[in-house]
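*Asks:* Pasting a predicted model and its sequence here:
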Amino acid sequence: MISGMFRAACAVVALTAANSAYAQDGSSCPASNNDWTVCENPSPHECWAVSAPKETVNTRDGNVVAARRGDILLYVSYRPENGVKDQVAFAGGYPFAENSTVELDIGGTKFELYVDGEYAWPANAEADAQIVAAMKRGSTATATGRSSRGTVTKDTFSLLGFTASVEEAAKRCGG
């Protein structure tokens, strides 16, 4: 699984990316490809492609409900200093239910993401690579999770611009 330090760094990165602006820590988001944005942090050197959902549906007991959520983001990160590439993460914008998972559906192919607080991650680098390959072929990715309060969330992301963005992020980080 992912180290706690990297999870904390991703939280900061996700918030920076959500604003698509320059951050106080020197991060910037210099490129955009349709529905995806490319961001980079100089120190430690890391790059990522990120997108917010095009559609969000929250339900409880089968009924659509309003839900207060923070930033909802799907991103792929690169950290050359640690040998990290194509690392997938989902920020749900709320604490996930303990011992739950998030299902990521890309064109009918389903992947399981393991939750930790407000984030969900694939089990390993092999799963990351499979998800990135599916995202390059797909048109949408839908993340379905369950909050600690029992709300089921379904967030649908466009994959328009995904391939160009991950390639740009990898290039910026020496990949």
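*Replies:* The structure has been received and is ready for your questions.
*Asks:* Could you pull out the helices in the chain for me?
*Replies:* Secondary structure of the chain (DSSP state H): helices at 4-19, 125-137, 162-172.
*Asks:* Do a quick rundown of the strands in the protein.
*Replies:* 28-33, 36-42, 45-51, 55-60, 63-64, 73-79, 84-91, 101-106, 109-116, 119-121, 140-146, 152-158 (DSSP state E).
*Asks:* Any idea which of these gets closest to Ala134?
*Replies:* Nearest to Ala134, of all the strands of the chain, is strand 101-106, at 4.3 Å by C-beta to C-beta. For the C-beta atoms, the positions are set from N, CA and C on the backbone; glycine is no exception.
*Asks:* and the closest one, what's its mean pLDDT?
*Replies:* Averaging pLDDT along strand 101-106 yields 98.
*Asks:* Neighbouring strands - and their directions - for it?
*Replies:* Strand 101-106 pairs in its sheet with strand 109-116 (antiparallel), strand 140-146 (antiparallel), by DSSP bridges.
*Asks:* In this structure, where is pLDDT below threshold?
*Replies:* Applying pLDDT under 70 to the chain flags residues 1-26, 175.
*Asks:* Pick out the residue nearest the middle of it.
*Replies:* Leu74 (2.3 Å; C-alpha atoms, centre = their mean).
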